[in-house]
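Peer 1: The sequence isn't on hand, but the structure is:
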């Protein structure tokens with residue numbers, strides 16, 4: 001049955017019904033029987049990833065085709081266009097998939113490609129979700145790298161301020177407060193507190209303000225509790 005798809009793979013991928021047949025073939029049929037399907041994607045991975053049905057098909061390949069050569073070829077193509085895919089309405093799902101389900105070296109490779117552009121990406125509708133995944137699934141060192149980029153190089157912390165006032169960036173800052181270790185969290189909180197009153201004037205920053213005030217009051221309660229219970 002699968003053999004009958006030979007010659008019509010791309011036609012099926014682009015079809016709202018046919019793409020489900022291709023996905024199911026990748027999920028259920030051993031790779032050596034569907035090599036003609038996989039071969040038809042080579043050189044087309046980035047294009048397919050930015051297509052509504054194609055992005056699902058590429059995710060299925062990443063999940064189910066565990067042949068090392070296939071994985072490497074797919075990843076090599078993805079790596080040529082990480083920033084483009086991250087900002088695309090469909091491609092971002094492929095990058096998120098690698099960050100969430102890929103092995104640590106793949107995840108690190110993606111994060112290193114995005115490094116240097118984290119603030120810009122955080123202010124973009126689709127890429128901001130990718131940055132959140134970097135924070136959620138990245139290692140401690142990678143999170144620290146991302147946080148230092150958000151803080152910027154001066155005491156004014158301009159990148160962080162811009163992100164907090166942005167409709168998408170503010171969610172990334174909230175994710176930092178959720179995912180980072182205590183040391184990074186304290187650092188971010190201390191930088192945000194300086195700008196707290198000014199931030200109250202901005203619609204999107206209000207989410208941050210309420211979260212920070214909550215974290216600060218919780219922290220103060222913890223300090224009170226620890227000081228009222230002598231060891």
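Peer 2: Here it is on my side, so go on. Here the structure is a predicted model, which means the values were calculated and not measured.
Peer 1: Is residue 154 in a helix, a strand, or coil?
Peer 2: At residue 154 the chain is in coil, as set by DSSP: H, G, I helix; E, B strand; the rest coil.
Peer 1: What about it, how many residues nearby?
Peer 2: Look at residue 154: counted by other CB atoms under 10 Å, it has 8 neighbours. In this view, the C-beta of every residue, glycine as well, is placed from N, C-alpha and C.
Peer 1: quick one: residue 163 from residue 178, how far?
Peer 2: Using CB to CB, to the nearest Å, residue 163 is found at 15 Å from residue 178.
Peer 1: Just want to know which of those two has more residues nearby.
Peer 2: Using other CB under 10 Å as the criterion, residue 163 and residue 178 rank with residue 163 on top: 26 against 12.
Peer 1: Please look at that one and residue 120 and confirm they touch.
Peer 2: No: shown here, residue 163 and residue 120 do not form a contact pair, counting by CB atoms under 8 Å, at 10.1 Å.
Peer 1: Name the nearest residue to the residue nearest in space to the middle of the chain, ignoring sequence neighbours.
Peer 2: Computing the C-alpha centroid of the chain and ranking residues by CA atoms, centre = their mean puts residue 130 first, at 2.2 Å. Closest residue to residue 130 apart from its sequence neighbours, by CB to CB, 6 or more residues apart in numbering: residue 86 at 4.4 Å.
Peer 1: before we move on, the earlier item: which pLDDT value does the model give the residue nearest to the centre of the chain?
Peer 2: Looking at residue 130, its pLDDT stands at 97.
Peer 1: Equivalent analysis for the one 3 residues further on, please.
Peer 2: The score at residue 133 is 96. That number is its pLDDT.
Peer 1: Helix, strand, or coil at it?
Peer 2: helix.
Peer 1: Count the residues that sit near it.
Peer 2: Count around residue 133 with other CB under 10 Å applied: 21.
Peer 1: So residue 13 sits against residue 22, correct?
Peer 2: Yes: between residue 13 and residue 22 there is a contact under CB under 8 Å: 5.5 Å.
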